[in-house]
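Asks: Provided below are the primary sequence and the corresponding predicted coordinates.
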Amino acid sequence: MKTSIQRIRKAVIPAAGLGTRFLPATKAVPKEMIPIVDVPMIQHIIEEAVRSGIEDVVLITARHKEAIENHFDSNYELEDTLDKRQKEELAEVSRRVGRLCNLISIRQKNPAGLGHAVLCAEPAIGNEPFAVLLGDDLIDAPVPCTRQLINIYEQEGSSVVGVMSIPPQDTSKYGVVAGKALSERLTDVTHLVEKPAPEHAPSTLAIPGRYILTPRIFDCIRDTKPGKGGEIQLTDALQLLAERERLLAYRFEGDRYDTGDRLGFIDATLAYALKRPELAPGVIDLMRKHLAKK
């Protein structure tokens, strides 16, 4: 008899980083609030979670990140003013953001790594499987990346990380996985390494920031020794998880943008602008104008 699979209802989004790669913009503004066109990066991430069936989003924040919480709250003064000026469509844009999900905010008091950030969510997650989405990674796909991973979890009943193929020279930027290929897209994971040099990388399958994890990950994080800079790496905890229970890697479908990198951010901005019919012609004209100057 097949064991029933517990539904994925909750997601953890770590958002406590300093955003130093985007200074000076992030001196006073959380990097997660920098917009892709006119939508903050963090809203894109939460919308992916909601479209995947997530109900509760656990946001791991730090000091001076209140703007994120405010963005997903109601803003009566703004909405009332827009209503009185007969700008109901704009008022509804604001209200819709506030209705996206149930947001739970937990503060990471010390910058002790991604693994520690996920561990901070344990009181809100409890004994449930959950999703993790990193805010620096936008993944544009007809079926949301998180939904793809949930589908695998529901079929296989085990933790699963989203992976993509990368050039060998880029392995030092990611957590890298290896194991037994079960199909073209699915791998039974046996080995994970955080940011290995190309000559030491076990494969070219990298984790860009999407996970479905069983609650056993919390014990694995507690059992993981801090690494460089005293940080607890989630990749190291996942290695322990793979040794204690089954862990899968799924090569997701979709276009991924590294918005934590300046060129990646520009790439995402152009791609998302070109998807909007009211903006695409003007963006193309602007690109032609600037290319003509080169």
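Replies: Yes, it's here. Numbering: from 1, shown residues only.
Asks: who's in contact with Val283?
Replies: With contact set as CB atoms under 8 Å, 6 or more residues apart in numbering, Val283 has these partners: Leu270, Ala273, Leu274. For every residue, glycine as well, the C-beta is placed using N, CA and C.
Asks: just Val97 next, same as before
Replies: Taking CB under 8 Å, 6+ apart, we find Val97 in contact with Gln43, His71, Phe72.
Asks: quick one: pLDDT of it?
Replies: Per-residue confidence at Val97 stands at 82 (pLDDT).
Asks: touching the helix or strand where Ala273 lies from outside, list them.
Replies: Using DSSP states H and E, Ala273 maps to helix 262-274. Here helix 262-274 makes contact (CB under 8 Å, 6+ apart) with 21-22, 34, 36-37, 39, 138, 140, 255, 257-259, 279-280, 283-284, 287.
Asks: again, 7 Å this time
Replies: Residues outside helix 262-274 that contact it (CB atoms under 7 Å, 6 or more residues apart in numbering): Ile36, Val37, Leu138, Asp140, Tyr257, Asp258, Thr259, Leu279, Ala280, Val283.
Asks: still on that earlier bit, PyMOL command to pick out the buried ones of the contacts of Val283?
Replies: The buried subset of these, as determined by 16 or more other CB atoms under 10 Å, is captured in PyMOL by this line:
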select buried, resi 270+273
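Asks: tell me the one among the contacts of Val283 nearest to Val58.
Replies: For the contacts of Val283, the residue nearest Val58 by CB to CB is Ala273; the value is 30.6 Å.
Asks: closest to Asp83 out of the contacts of Val283?
Replies: Nearest to Asp83 among the contacts of Val283: Ala273, at 28.9 Å, using CB to CB.
Asks: contacting residues for the closest residue to Leu82 other than its chain neighbours?
Replies: The spatially closest residue to Leu82, leaving aside those adjacent along the chain, is Ala91, at 3.8 Å (CB to CB, 6 or more residues apart in numbering). The contact partners of Ala91, taken as CB under 7 Å, 6+ apart, are Glu79, Leu82, Asp83.
Asks: for Pro14, same thing?
Replies: Residues near Pro14 by CB under 7 Å, 6+ apart: Ile60, Leu114, Ala117, Val118, Leu134.
Asks: cool, and Leu248?
Replies: Ile152, Glu156, Ser158, Ser159, Val160, Leu186, Thr187, Asp188, Val189.
Asks: could you tell me how many residues sit around the residue nearest to Glu253 when sequence neighbours are not counted?
Replies: Among residues not flanking Glu253 along the chain, Ala141 sits closest, at 5.7 Å (CB to CB, 6+ apart). By the criterion of other CB atoms under 10 Å, Ala141 has 15 neighbours.
Asks: you'd agree Ala141 is up against Gly254?
Replies: Yes. Judged on CB atoms under 7 Å, Ala141 makes contact with Gly254 at a distance of 2.7 Å.
Asks: please enumerate the helices of the stretch 1-150 of the chain.
Replies: Listed in chain order, the helices found in the stretch 1-150 of the chain under DSSP state H, counting those that start in this stretch are 41-51, 66-71, 76-84, 88-98, 114-120, 122-125, 145-156.
Asks: quick one, phi/psi of Asp136?
Replies: phi -80, psi -10 (degrees, to the nearest 10).
Asks: element containing the closest residue to it other than its chain neighbours, please.
Replies: Distances taken as CB to CB, 6+ apart place Gly260 nearest to Asp136, at 3.3 Å, with adjacent residues excluded. For Gly260, there is no helix or strand it lies in under DSSP H and E.
Asks: tell me the mean pLDDT for stretch 242-254?
Replies: For stretch 242-254, the mean pLDDT works out to 95.
Asks: sorry, that was for stretch 276-294
Replies: What stretch 276-294 shows for mean pLDDT is 93.
Asks: for stretch 66-77, same thing?
Replies: Mean predicted confidence for stretch 66-77 is 84.
Asks: contacting residues around it?
Replies: Applying CB under 7 Å, 6+ apart, the external contacts of stretch 66-77 come out as 15, 29-30, 32-33, 40, 42, 59, 61, 94, 97-98, 100, 103, 105.
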